[in-house]
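Trainee: missing the sequence, but the structure's below:
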């Protein structure tokens with residue numbers, strides 16, 4: 001039997017959680033065509049993988065690369081850590097459909113710049129991606145704040161009936177054109193004045209399309225329990241699945257609350273569809289004037305438009321240099337982004353280990369000094385498995401492959417199985433690790449030996465191939 005590419009003598013971790021097994025994997029075109037002992041097969045290219053793990057390419061269900069997949073399509077920071085698929089449009093902010101012509105509110109303004117003409121429909125955005133593919137597969141949620149921006153002249157109030165109907169029409173059309181679901185971010189100023197009733201009305205479009213309600217909840221700090229109650233109530237009212245983005249319990253006063261929130265999720269699983277993702281870090285990242293600087297033990301500035309020279313600096317050091325306090329420094333730095341040390345390691349591990357939790361990076365592609373999760377999330381989780389014993393390697397891989405594929409309906413992805421798309425990562429289990437740190441956040445991961453998207457090599461031993469074989473999902 002003949003194939004284009006054969007991986008020989010690999011330790012196959014297939015993404016399902018099943019025990020690893022030694023074997024071969026054959027690829028023809030963009031598909032896996034055989035898995036097992038393939039001694040009677042021959043490949044146009046054969047790669048010996050002795051001592052290495054072969055797994056499905058990692059799927060990042062929560063990123064903000066809406067524009068970056070077009071302006072920086074090789075996405076080195078993603079593929080270098082084994083990612084083959086990303087889901088954009090999170091936290092209520094999506095690049096499409098965007099009809100608003102004025103300056104964009106933060107953090108949408110950090111995700112969508114003036115590098116591209118704005119996409120008035122999701123179909124237009126999808127068409128641009130199909131014409132100029134990225135190195136990874138891409139999918140995109142439809143952002144509630146983006147819909148609000150299109151429908152409302154003033155975001156600092158509740159939407160009226162006419163405006164809510166306009167948002168529903170936009171969402172219905174965008175989902176028909178390939179949008180993956182609805183994302184909301186009532187935590188942010190652009191949606192802070194949206195009522196639970198508004199969110200329910202817009203989300204009521206989702207069951208017709210069989211899509212998820214994905215949310216950066218209204219609060220992840222002092223009122224995280226109440227915010228989770230609201231999220232679950234929205235799903236119950238609409239009859240749609242809900243997915244909690246980057247679940248955390250932020251601020252010293254809220255350390256340990258994950259025991260309560262995870263118990264709430266467990267209690268409601270029997271009556272409604274619920275899921276979650278998280279990042280494997282004790283620091284989060286968002287716009288600098290989010291208010292989180294008042295809860296954080298430490299804040300790093302990642303980007304400042306008026307003061308770009310402050311990227312990578314400690315906010316307290318900047319405040320002392322300027323003779324002011326944190327609030328005063330923030331006022332001078334904005335619009336800006338920051339990294340906030342807010343979480344407890346025990347909560348991070350508890351959430352990460354929960355059986356419904358999948359892994360995300362919450363990556364933002366732009367900025368001179370990003371959060372290290374942009375380059376290091378997935379190898380860091382593999383290190384949690386190997387060095388900390390938080391879960392098995394098979395479980396770690398499942399959380400990063402078949403779980404997000406199933407959750408978001410990415411058919412043919414997330415498993416090493418004959419007939420599936422050949423999204424594949426090859427890594428050295430003993431060596432794989434995140435190299436990105438808060439001081440040096442753009443260092444590529446160690447131990448990633450090869451990354452293949454739809455059967456084509458995009459990364460090998462520290463070098464991007466230049467290939468851009470990604471599909472729009």
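Mentor: Thanks, I have it. What you are looking at is a predicted structure, and each value in this text was computed from that prediction instead of being measured.

Trainee: Quick one: the strands in the stretch 201-350 of the chain, in order.
Mentor: In the stretch 201-350 of the chain, the strands defined using DSSP state E, counting those that start in this stretch lie at 212-215, 242-244, 274-278, 283-287, 298-304, 336-341.

Trainee: now those in CSV, with distance to residue 110 and mean pLDDT?
Mentor: No exception for glycine: its C-beta is placed from N, CA and C like everyone else's. Listed next are these as CSV, based on distance: least, Cβ to Cβ, whole Å; pLDDT from 0 to 100:
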stretch, distance to residue 110, mean pLDDT
strand 212-215, 19, 98
strand 242-244, 22, 98
strand 274-278, 21, 98
strand 283-287, 7, 94
strand 298-304, 7, 95
strand 336-341, 6, 95
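
Trainee: can you pull the contacts of residue 301?
Mentor: 288, 310-315, 318, 333, 336-338, 369 (Cβ atoms under 8 Å, 6 or more residues apart in numbering).

Trainee: List the contacts of residue 259.
Mentor: residue 350.

Trainee: do residue 8 as well
Mentor: Residue 8 is in contact with 24, 46-50, counting by Cβ under 8 Å, 6+ apart.

Trainee: cool, residue 424 as well?
Mentor: 7, 25, 27, 54-57, 84, 416, 450-452.

Trainee: ok so, going back, Serialize the strands of the stretch 201-350 of the chain to TSV and add fields for distance to residue 384.
Mentor: What follows is the strands of the stretch 201-350 of the chain, written out as TSV (distance: least, Cβ to Cβ, whole Å):
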stretch	distance to residue 384
strand 212-215	24
strand 242-244	20
strand 274-278	12
strand 283-287	16
strand 298-304	22
strand 336-341	19
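
Trainee: Ends of stretch 199-213, what's the gap?
Mentor: 10 Å (Cα to Cα, to the nearest Å).

Trainee: which parts of that stretch are buried?
Mentor: Within stretch 199-213, the residues that qualify as buried are 199-206, 209, 211-213, counting by 16 or more other Cβ atoms under 10 Å.

Trainee: Can you name the residues in contact with the lowest-mean-pLDDT helix or strand in the chain?
Mentor: Least confident helix or strand, the chain: helix 108-111 with a mean of 92, by mean pLDDT, DSSP states H and E. Residues from elsewhere that reach helix 108-111 (Cβ under 8 Å, 6+ apart): 64, 66-67, 93, 95, 103, 143, 145-146, 149, 190, 287, 303, 335, 337, 364, 366-367.

Trainee: how many neighbours does the nearest residue to residue 322 once chain neighbours are set aside have?
Mentor: Leaving aside its chain neighbours, residue 322 sits nearest to residue 329 (6.0 Å; criterion: Cβ to Cβ, 6 or more residues apart in numbering). By the criterion of other Cβ atoms under 10 Å, residue 329 has 28 neighbours.

Trainee: distance of residue 329 from residue 441?
Mentor: As for residue 329, its distance to residue 441 is 21 Å (criterion: Cβ to Cβ, to the nearest Å).

Trainee: Mind jotting down where the helices sit in the stretch 201-350 of the chain?
Mentor: 206-209, 224-238, 258-268, 315-322, 326-333, 345-353 (DSSP state H, counting those that start in this stretch).

Trainee: what comes up buried for the fourth one?
Mentor: By 16+ other Cβ under 10 Å, the buried positions in helix 315-322 come out as 315, 318-319.

Trainee: Measure how that helix sits relative to strand 298-304, angle-wise.
Mentor: Counting by axes from the mean of the first three to the mean of the last three Cα atoms, to 10 degrees, helix 315-322 lies at 70 degrees to strand 298-304.

Trainee: after the longest strand along the chain comes which helix or strand?
Mentor: In the chain, assigned by DSSP state E, the strand with the most residues is strand 2-12. Remark: after strand 2-12, the chain's next helix or strand is strand 21-28, criterion DSSP states H and E.
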